[in-house]
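A.B. asks: A structural model of the following input is requested.
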Amino acid sequence: MTSETFALTFRPAGPADVPALVELVESAYRGDASRAGWTTEADLLDGQRTDAEGVAAAIAAPGGVVLLAERDGELVACCQLEHRGETAYFGMFSVRPTQQGGGLGRMVLAEAERVARERWGVTALEMTVIVQRAELIAWYERRGYRRTGELSPFPYGDERFGVPRRPDLRFEKLVKAI
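C.D. replies: Numbers count the residues shown, from 1 in each chain. Modelled structure (predicted):
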């Protein structure tokens, strides 16, 4: 670990963070800027990944939290947690493309697991990942997540989640006991 790693701080997002969060999420997943990192979805989807309304709703949701990871006051990563009974849902996971590949994502994921366990006493964290994202699924598997085989459709026709570049997109649920 570098000395930069220790400068990482976490805090819950508030309404004033919405514009910076939208920019971060979009930069991690869409367009040419996302290609600087390895989490891009630019080959699968065009359009937006999220919008201000969706991010604001996630921040305001009862039983949820959007965690920000900052280094020297700069937003470098984020994730959303939503309490769902015995489990918590993990989503909106974004790491600034130029900061990917150095362990930052592992730290954010570990913090999300800790927060979900301590805040809600949940026994598992779950998420959905586009099945075509084999490299990303493998990354989660290396961190203890398992594929469930539970598939759900991509929301075709709802451009709030992007404009698909192929007709076969689906999500698979991943789960980890925490």
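A.B. asks: from now on I want contacts and neighbour counts done on CA atoms only, so please keep to that.
C.D. replies: Will do.
A.B. asks: buried residues in the lowest-mean-pLDDT helix or strand in the chain, which are they?
C.D. replies: Of all the helices and strands that make up the chain, the one with the lowest confidence by mean pLDDT, DSSP states H and E is helix 31-34; it has a mean of 75. Neighbour-count burial for helix 31-34 flags 31, 33-34 (criterion: 16 or more other C-alpha atoms under 10 Å).
A.B. asks: just stretch 12-26 next, same as before
C.D. replies: Neighbour counts over stretch 12-26 (16+ other C-alpha under 10 Å) mark 13, 17-18, 21-22, 24-26 as buried.
A.B. asks: what about those residues, which are in helices?
C.D. replies: 18, 21-22, 24-26 (DSSP state H).
A.B. asks: just to revisit the earlier point, and the least confident helix or strand of the chain, what does it pack onto?
C.D. replies: With contacts defined as 3 or more C-alpha pairs under 8 Å, 6 or more residues apart in numbering; DSSP states H and E, the packing partners of helix 31-34 are helix 18-29.
A.B. asks: which strands and helices sit next to the longest helix along the chain?
C.D. replies: When the chain is parsed with DSSP H, its longest helix is helix 104-120. Applying 3+ C-alpha pairs under 8 Å, 6+ apart, we find helix 104-120 packed against strand 74-84, strand 87-95.
A.B. asks: turn those into a markdown table, columns for distance to Asp158.
C.D. replies: Formatted as a markdown table, these follow (distance: least, C-alpha to C-alpha, whole Å):
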| stretch | distance to Asp158 |
| --- | --- |
| strand 74-84 | 21 |
| strand 87-95 | 17 |
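A.B. asks: JSON lines for those, including mean pLDDT, distance to Asp51 and mean neighbour count?
C.D. replies: Shown next, in JSON lines, are the helices and strands packed on helix 104-120 (pLDDT from 0 to 100; distance: least, C-alpha to C-alpha, whole Å; neighbours: other C-alpha atoms under 10 Å):
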{"stretch": "strand 74-84", "mean pLDDT": "97", "distance to Asp51": "14", "mean neighbour count": "21"}
{"stretch": "strand 87-95", "mean pLDDT": "97", "distance to Asp51": "12", "mean neighbour count": "21"}
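A.B. asks: ok, which of those comes nearest Val108?
C.D. replies: Among the helices and strands packed on helix 104-120, the nearest to Val108 by C-alpha to C-alpha is strand 74-84 (7.4 Å).
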